[in-house]
Structures are given as structure tokens and as C-alpha cells.
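Asker: Output the structure for:
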Amino acid sequence: MNVMNARLSVMMFLQFFIWGGWFVTLGTFLTTTLAASGGQVGMAFSTQSWGAIIAPFFVGLIADRFFNAERILAVLHLLGAVLLFQLYRAPDFSAFYPYVLAYMLVYMPTLALVNAVAFRQIKDPAREFSRIRVWGTVGWIVAGIVISFGFAWDAQQAIAAGGLRNTFLMSAVASLVLGLYSFSLPKTAPLKSTADAPGIKQMLGADALGLLKDRSYLVFFLASILICIPLAFYYQNANPFLAEIGVTNPTAKMALGQVSEVLFMLLLPLFIQRFGIKIALLVGMLAWALRYVLFAYGNNGDQAFMLLIGIALHGVCYDFFFVCGQIYTDAKAPERFRSSAQGLITLATYGVGMLIGFWVAGQITDHFTAQNGHDWRSIWLFPAGFSVGVLLCFALAFKGRGGEKEAMPSTV
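Answerer: Below you'll find the predicted structure:
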């Protein structure tokens, strides 16, 4: 790895260490330390969706036109460090929520900015970017290991004592470091003219709306939004579930999902070439249903292996549907609309889909909450059944020609 790629890898590591350092344990922190309801937890998680909706406007209208990307990245992470410190200090949910909303509005644009910095500095993106981006996944994994094995903040006694509050302080320090480090990154100037920068229609994916006239793509598009509802259950409830039933080092064990994500990312191109896009998408949806059934019937005793398998299925769940969907979108869209099409599917899933999903997850969690805890089996069976419903509708309605193998890019 050359010096430039090493510097960019450090940037990616810190970028996702920050996010993984507090987001995984957020649900547990809110329900224990701040005594938040399921609806309030859903509100907190939905700030990610609001950030995803706002981010394209910020990056497209400001970063791509007027300022160096690395400088905006630095300023946003320095501001993020202040907001994370305020989250560390928040005494209750009413004080916590405005800061987490502000933080996600600040953080989500940085995901596009680190990509912009990386792509503009490397010579062969197709070959080099994945090697740089993987360090982001490593950063997320390391954050979980630090929380569980380094400081044991997610141990039951530590949780009861408010130990998870320290995750925000740790992430604030990392955000401060990345903010300062970003000033040293290579200059990534804005596009030379406003004509080169994406317009409102492109940022919203409006240029790609014509894709929805294709029945197969419309079915995929709607399925992508709907499958985000069960996805939200995992992000919102997995860590509180594991902590509540007494699983030791739950945050570190959840990092198995990111390890799985890397492994299945390597297998995905081979699977698509062998079986086609439709089968890959169906496998992804089936994995969601299977994961939640495993969570529903697993326990912290002799069925603990079911929980670990459910966590490890994250790679299949995410890669075989969302990454596969990005490949499918890229293949279906005309070349001039490909960026716009990716913007459309991202806005629909991480914006609209996840926003709905976190609300539904909060309502279902509240419905199955009692004084002595949660009815986790009923909570997990809801997204399991929902995933099966989406799978069946997709299998019947998606009429890809020849298994959509012709949609595979030749480079995959």
C-alpha cells in the first residue's frame, strides 16, 4: 500500500470507528440509562434517515461547488466532536434528542465526503477503493471490540451504572482526531464549474425516475423500501436484546456481522454470475427472515449458537440485497443516469424506507414491552414474517428476463 492509500485508509478507519463507537449500543443506552420508550428509541434512530435525506443537498449544493472536500470534512467532524460531547452529558431523552438529530445531520454528509476525497486521490478506483474502504469496516469492528473487551462498557453491571455513556466520549475524541487529521489530507478542490456539479434533479435521483416504468425495477424499488422495515429492527433492537438476555460482550459479538459482510462481499459476484440477480435478491430477503427466527428462538443458554448465526447472517442480509441492488441499479440505468439512479435508491432506502422502519420498530417494541422486560420472541417474529411477505411478493412479481443475468456488469 502506498503512502496516499495508507492515509486514506486511516481516514476511513476513523470515519467508521466514530459511527460504530456509539451507534451499535445506542438502543441499549437509551432504554437503560435514559429510560427511553420504544417510540423514543425509534425517533433517535430515525435521525440517521433525516441525515441521509439532507446529505445529498449539502454535498451537492455546497461541497461539490464551493469548498475543498477535506476542509468541509474537517469542520464537520470538529463540530461533530462537540455534539458527541453534548450527547455524553445529556441527562434525559428530551435533552439528548436535539443533539443526536444535529449530529446525524452533520455526520451523514461526511460519508459522501470521505468517498469524494478517496476517489479524487486514487488513480485506479476499481482496484484501489475497496482496499481503502475495507478499513472503514475494520474501524467499526475495532470500536465494538474496544467497547466490550477494552472497557467492558456493555457488561450488565456497567450498563446499570451508565457505562455506555462513555461511548459518546470515546467517539467525540475520535471525531476530534479525524477533524484535525482531515486538514492534513490532500487538497480535494470543488468541481471547476457549477455546470460540472450535480443539480437538484440529479441529487434527488429525479433523472432516473424513468427506471420505474420498467416493471421489474419498480418491483425491486418497492421491495427495497419495504425490506428496510425489518432492517430497522436489527439496528434498533439487536444490542438491547442481547444485553437484556445476558449475552456477554454483546457489542464485540455483533462485530461478527461486519466480518461476515466483508467475506460475503467477496462471494457475491461469483454468486450473481452463477445464479443471477433475482436469486441473489431472494437469498438476501430469506436471510432476513431466517435471522429473526433465530433471534426469536435462540437464548443465552444451550441455544446461544442460534444468536451467533443470526449475527453472522448480516453479510448475507446486507450484501445479497443492498449491494446486489446497487449492482442491479447500475446495470439497469443508462450511463448518463447511473449516479442519479444510485441517489434515488439510496434516498428511498436509507431515507424513506429506514424512516418508516424505525417508526414501526419503535411501535412494535412498545407493544410487546412489559414491566419485567420485553417479549422478544414476538418482537422478532414480526420482522421475520414481514420479510417472508416481501420475499413472496417479490418472487411472484419480479419478472426479470433470464434471471436478470444480462444485467450483470461485465466487470463483476
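Asker: which residues sit in contact with the residue nearest to the spatial centre of the chain?
Answerer: When C-alpha atoms, centre = their mean is applied to the chain, the residue found nearest the centroid is Tyr350 (7.8 Å). Neighbouring residues of Tyr350 by C-beta atoms under 8 Å, 6 or more residues apart in numbering: Gln48, Ser49, Ala52, Cys228. To be clear about C-beta, it is placed using only N, CA and C from the backbone, and glycine gets the same treatment.
Asker: Give me the below-cutoff pLDDT ranges for the protein.
Answerer: Across the chain, residues meeting the criterion (pLDDT under 70) sit at 1, 58-65, 126, 191-207, 338-339, 400-412.
Asker: And for the strand or helix carrying Ala158, what's in contact with it?
Answerer: Assessed by DSSP states H and E, Ala158 sits inside helix 156-160. Under the contact criterion C-beta under 8 Å, 6+ apart, helix 156-160 has outside partners Thr28, Thr32, Thr33, Phe151, Ala152, Trp153, Leu164, Ala243, Gly246.
Asker: when you check these against the helices, which ones overlap?
Answerer: Secondary structure from DSSP state H places Thr28, Thr32, Ala243 of the contacts of helix 156-160 in helices.
Asker: Can you add distance to Phe275 and neighbour count and give those residues back as a markdown table?
Answerer: Below are these laid out as a markdown table (distance: C-beta to C-beta, whole Å; neighbours: other C-beta atoms under 10 Å):
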| residue | distance to Phe275 | neighbour count |
| --- | --- | --- |
| Thr28 | 38 | 25 |
| Thr32 | 43 | 20 |
| Ala243 | 38 | 23 |
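Asker: Need these in a markdown table (columns: distance to Met170).
Answerer: Below are the ones in helices among the contacts of helix 156-160 laid out as a markdown table (distance: C-beta to C-beta, whole Å):
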| residue | distance to Met170 |
| --- | --- |
| Thr28 | 15 |
| Thr32 | 18 |
| Ala243 | 18 |
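Asker: From those, pick the one nearest Ala341.
Answerer: The closest of the ones in helices among the contacts of helix 156-160 to Ala341 turns out to be Thr28 (C-beta to C-beta; 36.7 Å).
Asker: looking at it, the closest one is touching Leu164, isn't it?
Answerer: Yes. With contact defined as C-beta atoms under 8 Å, Thr28 and Leu164 form a contacting pair (6.2 Å).
Asker: Look up the residues that both of these two are in contact with.
Answerer: Contact with both Thr28 and Leu164 is made by residues Asp154, according to C-beta under 8 Å, 6+ apart.
Asker: quick one: Leu83 from Tyr181, how far?
Answerer: Using C-beta to C-beta, to the nearest Å, we find Leu83 at a distance of 18 Å from Tyr181.
Asker: out of those two, which sits in the more crowded spot?
Answerer: Neighbour comparison, Leu83 and Tyr181: the larger count goes to Leu83, with 22 against 17 (by other C-beta atoms under 10 Å).
Asker: For the closest residue to the more buried one other than its chain neighbours, pull up the helix or strand it's in.
Answerer: Leaving aside its chain neighbours, Leu83 sits nearest to Tyr103 (4.2 Å; criterion: C-beta to C-beta, 6 or more residues apart in numbering). Counting by DSSP H and E, the element that carries Tyr103 is helix 93-121.
Asker: Now the element after that helix, going C-ward?
Answerer: Next along the chain from helix 93-121, counting by DSSP H and E, comes helix 125-145.
Asker: in that next one, what counts as buried?
Answerer: Applying a neighbour-count criterion of 16 or more other C-beta atoms under 10 Å, the buried positions in helix 125-145 are 128-129, 132-144.
Asker: how much space between Tyr235 and Ile227?
Answerer: Taken as C-beta to C-beta, the span from Tyr235 to Ile227 is 13 Å.
Asker: got a list of what Glu31 touches?
Answerer: That one is not Glu; residue 31 is Thr. Contact partners of Thr31, counting by C-beta under 8 Å, 6+ apart, are Val41, Pro240.
Asker: From Asp124, how far off is it?
Answerer: Separation of Thr31 from Asp124 (C-beta to C-beta): 46 Å.
Asker: Figure out the helix or strand that Leu218 lives in.
Answerer: Per DSSP H and E: Leu218 is located in helix 215-244.
Asker: next structured bit after that helix?
Answerer: helix 250-254.
Asker: Quick one: classify the closest residue in space to Leu176 that isn't next to it in sequence as helix, strand or coil.
Answerer: Nearest non-adjacent residue to Leu176, counting by C-beta to C-beta, 6+ apart: Ala81, 4.1 Å away. Secondary structure, DSSP: H, G, I helix; E, B strand; the rest coil: Ala81 is helix.
Asker: Ala81: how many residues sit nearby?
Answerer: 22.
Asker: Lys332 reaches Lys213, doesn't it?
Answerer: No. Look at Lys332 against Lys213 with C-beta under 8 Å: they stay out of range, at 11.2 Å.
Asker: ok, those two, which is more surrounded?
Answerer: Per other C-beta under 10 Å, whichever of Lys332 and Lys213 has more neighbours is Lys332, with 20 against 8.
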